[in-house]
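In: Sequence below, structure please.
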Amino acid sequence: SRCDPALQGLLYSNIVLTGGSAQFPGIVERIMAELRPMVPDHLHVGVTLADEPGMHAWKGAAEWAATQEFQSKRVVTKSEYDEGGTDYCFDKFSKW
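Out: Predicted coordinates for the structure are as follows:
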């Protein structure tokens, strides 16, 4: 209910299951059955199983870590840490 109502339909229709537990037999049907009663009738509920659910989150994180944005904003080099220590890390990461 804290989500913008204009976005709720988009989010409910694009649920992707990942991780080892997503490989349990019947999990997509179970999630659908449990969510449907909680979602307003006029909204579509779409639940899909990720390709390779056990690796999906890792692959996404690996792709993000390879981006220039990640490298420039989310990494502290050893020399930066040696120079600024934990204060440098706090300053850098408190701006997220």
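
In: and the residue sitting furthest away from the middle of the chain, what element?
Out: Here the centre of the chain is the reference, and by CA atoms, centre = their mean the most remote residue is residue 83, at 32.7 Å. Per DSSP states H and E, residue 83 falls inside helix 78-93.

In: what sits against the closest residue to residue 17 other than its chain neighbours?
Out: Spatially, and ignoring its direct neighbours in sequence, residue 17 is nearest to residue 49 (5.2 Å; CB to CB, 6 or more residues apart in numbering). C-beta here means a position set from N, CA and C on the backbone, and glycine is covered the same way. By CB atoms under 8 Å, 6 or more residues apart in numbering, the contact list for residue 49 reads 16, 17, 22, 27, 28.

In: and the residue sitting nearest the centre point of the chain, what helix or strand is that in?
Out: In the chain, the residue lying closest to the centroid (CA atoms, centre = their mean) is residue 57, at 7.5 Å. Taking DSSP H and E as the criterion, residue 57 maps to helix 53-65.

In: The helix or strand hosting residue 29: how far from the chain's middle?
Out: Element membership for residue 29, per DSSP H and E: helix 27-35. The chain centre lies 19 Å from the centre of helix 27-35; the measure is CA atoms, centre = their mean, to the nearest Å.

In: what's the angle between that helix and helix 53-65?
Out: 80 degrees (axes from the mean of the first three to the mean of the last three CA atoms, to 10 degrees).

In: Note down every partner strand of the following helix or strand past helix 27-35 and its orientation.
Out: Where DSSP H and E defines the elements, the next helix or strand beyond helix 27-35 is strand 47-49. With DSSP bridges as the test, strand 47-49 is paired with strand 15-17 (parallel).

In: For the strand it pairs with, the averaged confidence score.
Out: Taken as a whole, strand 15-17 has an average pLDDT of 97.

In: For residue 57, give its distance to residue 75.
Out: Distance of residue 57 to residue 75, computed by CB to CB, to the nearest Å: 20 Å.

In: What about residue 12, how many residues nearby?
Out: Using other CB atoms under 10 Å, residue 12 has 19 other residues around it.

In: In contact with it, which residues?
Out: Residues in contact with residue 12, defined by CB under 8 Å, 6+ apart, are 35, 39, 43, 44, 45, 46.
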